[in-house]
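Peer 1: this is a predicted model, with the sequence first.
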Amino acid sequence: NSTHQMPSLPLQILFYINGIYYSFYFLATLAMLVYKSQAFSYPDNFLAPDLTLLLIMAALEVLRLHLGSKGNLSEEEAPLGLSLVVTVGSVLVALYFLVGQTYVLRAELILNSLLLSAYGLEALLKVMAIAAFAS
């Protein structure tokens with residue numbers, strides 16, 4: 001059948017790269033939270049929520065990448081769509097780490113800007129893949 005759609009290779013590669021990047025992002029953000037708690041008068045009542053948000057974001061990331069990869073490889077719109085919905089949650093947490101924290105280091109600006117750019121590109125490729133699979 002010549003009309004059969006193939007999984008999106010660029011999207012699959014981006015899932016892989018994002019998985020590696022997020023691992024680095026998580027460790028770097030965790031290290032910066034620890035650093036800020038020691039170097040600045042970081043309010044104790046903000047440290048625990050920031051750490052909790054980082055852990056929630058990690059769980060969202062695992063779910064997002066799993067659903068996205070599964071949906072792409074199986075050429076199913078539903079898991080890709082769910083991954084797109086979970087991406088919204090990840091974007092909101094990344095935006096918090098970009099502008100909502102008590103202290104935002106320059107390294108965090110760079111890390112979160114890269115992460116948000118990757119989310120944007122991935123969302124675009126997901127929408128294109130969903131449209132291709134649905135047609």
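Peer 2: On my side now, so go ahead. Residues are numbered from 1 along each chain as shown.

Peer 1: and residue 31, how far from residue 132?
Peer 2: Separation of residue 31 from residue 132 (C-beta to C-beta, to the nearest Å) stands at 40 Å. Quick note: C-beta positions are derived from backbone N, CA and C, even for glycine.

Peer 1: let me fix that: residue 17
Peer 2: From residue 17 over to residue 132 (counting by C-beta to C-beta), the distance is 21 Å.

Peer 1: what do you get for residue 6?
Peer 2: Taken as C-beta to C-beta, the span from residue 6 to residue 132 is 9 Å.

Peer 1: which one's more surrounded, these two?
Peer 2: Counted by other C-beta atoms under 10 Å, residue 6 and residue 132 do not tie: residue 132 has more neighbours, with 14 against 10.

Peer 1: hmm, who's touching stretch 42-62?
Peer 2: Residues from elsewhere that reach stretch 42-62 (C-beta atoms under 8 Å, 6 or more residues apart in numbering): 19, 22, 26, 29-30, 33, 36-37, 86, 89-90, 93-94, 96-97, 101-103.

Peer 1: quick one: the strands in the chain, in order.
Peer 2: Assigned by DSSP state E, the strands in the chain number zero.

Peer 1: pretty sure residue 130 contacts residue 83?
Peer 2: No - when contacts are counted by C-beta atoms under 8 Å, residue 130 is not listed as touching residue 83 (9.8 Å).

Peer 1: what about those two, which has more around it?
Peer 2: Neighbours were counted for residue 130 and for residue 83 using other C-beta under 10 Å; residue 83 has more, 25 against 20.

Peer 1: now do the more buried one, the pLDDT please.
Peer 2: Looking at residue 83, its pLDDT reads 97.
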